[in-house]
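A.B. asks: below is the sequence, then the predicted model.
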Amino acid sequence: MAARRKANRILAAVLIPLTLLTLAAMAALWPSGSREGLTLANPYAAAPGVTFDTGRIQRVVTESCTPGTAGENTAGGGNTAQDGTQSGTGGGSQCTFAFTEPDKGGNPVKVVINPDIAKSHGVKVGDNIRYLNLSKAQAAATGADAPAAQGSPSYIFVDFVRTMPIILLAILYAVVVVAVARWRGLRALIGLVGAYFVLVSFMLPGLVEGKPPLLLALVGSTVIMIGVLYFAHGFSARTSTALLGTIFGLGITALLAAWATDAANLAGVGSHDAATLVNISDQISISGIILCGLIISGLGVLNDVTITQSSAVWELYELAPNTSARKLFTSAMRIGRDHIASTVYTIAFAYAGAALPILIIVMLYDRPLGEALTSAELSEEVIRTLVGSIGLVLAIPVTTLIAVLVVKATGVRSAEPSRPFEPNHDVDDTGALAAAAAVVAREKDDAGPPPATRRGRRAVERD
């Protein structure tokens with residue numbers, strides 16, 4: 001008990017000052033919330049007389065883009081496919097139109113579908129879409145009784161309505177997590193909401209206001225990890241060990257990210273979004289945003305490997321409490337090496353799956369592999385993968401070492417270990433052993449042969 005209390009005091013002496021320092025830094029870096037001088041037009045802000053409406057597609061037709069050549073209301077014209085799609089017979093350029101029933105009520109409207117959507121994904125009957133309603137603005141511009149301008153559509157496709165599928169997936173995800181992980185899974189979901197709050201209210205506004213990105217990312221990530229780990233896994237030496245390993249890996253990742261961002265000249269010039277941010281404010285640093293992103297991107301995987309490694313050490317120790325520290329570290333690192341191998345694949349394939357369009361474009365350029373990997377399109381993601389992998393790989397042995405040192409002092413002590421029978425040579429046990437054997441033999445003879453059926457054998461065992 002004295003050793004256990006000493007180990008807990010050591011962990012508290014390290015983590016409590018670190019937590020207080022992190023919270024103080026967070027208070028000092030907290031953004032003011034002022035967005036003076038920052039102006040960015042909302043792409044979904046409608047002009048006077050223009051609205052964004054939603055509706056469900058009833059029929060899809062392909063006809064001439066010029067009004068009047070294929071009929072404005074193709075009630076009986078064109079060829080109708082089995083899915084409700086029609087093909088017009090008019091000449092000239094062909095456009096895809098979706099007759100959509102507005103959610104707010106009224107007659108179906110004819111929505112023109114963007115060519116890229118029509119070619120890549122398409123629309124079908126039953127899809128819920130959001131479209132731009134220009135009919136009132138066109139009527140106001142040309143006169144209340146005048147028709148819309150020739151060749152100008154009144155309803156333009158904007159996006160699909162994805163609310164219901166996303167809600168269903170979120171509910172399914174929450175149910176699966178809670179069903180498998182139970183209360184710990186529920187606490188993890190609540191902790192995820194808290195992490196999102198720190199990201200949105202602290203880190204993102206801080207980047208917009210020009211706060212130091214390295215310090216901002218370190219402080220915000222540390223606060224997230226402290227809250228998520230303790231809230232999901234509880235206050236214990238096991239969790240504290242994982243937190244120390246996570247903070248170590250986070251520091252290594254931050255140092256490597258700071259060096260790589262400068263050495264590789266990551267400026268984000270190939271991104272349209274980065275160019276937009278540069279043009280709206282001189283305080284926003286794209287390199288700083290990239291640096292912060294390199295640190296944040298590895299949080300989830302880093303937390304995964306440290307808490308898993310800490311739990312592995314505890315489980316191994318509880319199964320064999322008398323194992324030496326060296327053997328315990330070696331056994332846990334066998335698990336850690338497997339985890340390292342699988343995690344490296346996880347990071348690499350996660351990026352490959354999310355960036356398939358970019359990878360295909362780079363492949364079609366027919367550029368050398370080395371030149372493609374170091375290009376502006378791929379270099380940021382390559383460095384993100386490498387930096388995150390180095391941080392988590394180094395965090396595994398450090399977490400394992402800390403866990404072994406702590407668990408030897410705080411782990412559960414078993415009773416006196418069982419040993420094989422060793423006769424006492426100071427006392428003659430031959431007669432006692434022979435007598436015990438004779439008693440066992442007589443009991444077997446009195447009991448008779450074992451029952452032939454399974455039910456009979458179970459009855460004998462209960463007696």
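C.D. replies: Nice, I can see it.

A.B. asks: ok, residue 250 to residue 179 distance?
C.D. replies: Using CB to CB, to the nearest Å, one gets 31 Å for the distance from residue 250 to residue 179. Backbone N, C-alpha and C define where each C-beta goes, glycine included.

A.B. asks: ok, those two, which is more surrounded?
C.D. replies: residue 250 (25 against 9; other CB atoms under 10 Å).

A.B. asks: nearest residue to that one in space, please, no chain neighbours.
C.D. replies: residue 221 (5.7 Å; CB to CB, 6 or more residues apart in numbering).

A.B. asks: quick one: mean pLDDT over stretch 50-62.
C.D. replies: For stretch 50-62, mean pLDDT rounds to 87.

A.B. asks: buried residues, that stretch. List them.
C.D. replies: Buried positions in stretch 50-62, judged by neighbour count with 16 or more other CB atoms under 10 Å: 53, 54, 55, 56, 57, 59, 60, 61, 62.

A.B. asks: any chance of those residues in TSV with distance to residue 107 and secondary structure as columns?
C.D. replies: Output for the buried residues of stretch 50-62, formatted as TSV (distance: CB to CB, whole Å; DSSP: H, G, I helix; E, B strand; the rest coil):
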residue	distance to residue 107	secondary structure
53	13	strand
54	16	strand
55	11	strand
56	14	strand
57	14	strand
59	13	strand
60	17	strand
61	16	strand
62	21	strand
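
A.B. asks: closest one of the residues you listed to residue 383?
C.D. replies: residue 54 (41.1 Å; CB to CB).

A.B. asks: the closest one pairs with what?
C.D. replies: Legend: beta-bridge partners of residue 54 under DSSP bridges are residue 130.

A.B. asks: so what does the helix or strand encompassing the residue nearest to residue 250 touch, helix or strand wise?
C.D. replies: Assigned by DSSP states H and E, residue 221 belongs to helix 213-233. Packing partners of helix 213-233 (3 or more CB pairs under 8 Å, 6 or more residues apart in numbering; DSSP states H and E): helix 2-29, helix 163-198, helix 204-208, helix 237-263, helix 286-296, helix 299-319.

A.B. asks: next, the angle helix 299-319 makes with the fifth one.
C.D. replies: Put plainly, it is helix 286-296. 20 degrees (axes from the mean of the first three to the mean of the last three CA atoms, to 10 degrees).

A.B. asks: what is the neighbour count of residue 262?
C.D. replies: Neighbours of residue 262 using other CB under 10 Å come to 11.

A.B. asks: returning to that earlier point: was I right to think the residue nearest to residue 250 contacts residue 293?
C.D. replies: No. Here residue 221 lies out of contact with residue 293, judged by CB atoms under 8 Å, at a distance of 11.4 Å.

A.B. asks: who's in contact with residue 167?
C.D. replies: With contact set as CB atoms under 8 Å, 6 or more residues apart in numbering, residue 167 has no partners.

A.B. asks: now swap in the one 10 residues further on and tell me
C.D. replies: If a contact means CB under 8 Å, 6+ apart, then residue 177 has 185, 186, 188, 189 as its contacts.

A.B. asks: let me know the pLDDT of residue 68.
C.D. replies: 53.

A.B. asks: just read off the phi/psi values of residue 211.
C.D. replies: phi -70, psi 160 (degrees, to the nearest 10).

A.B. asks: tell me who's in contact with it.
C.D. replies: 29, 31.

A.B. asks: so how far is residue 116 from it?
C.D. replies: 38 Å.

A.B. asks: do residue 241 as well
C.D. replies: Distance from residue 241 to residue 116, by CB to CB: 51 Å.

A.B. asks: looking at the two, which one has more neighbours?
C.D. replies: residue 241 (29 against 8).

A.B. asks: is it true that the more buried one touches residue 402?
C.D. replies: Yes. Between residue 241 and residue 402 a contact is recorded at 5.1 Å, counting by CB under 8 Å.
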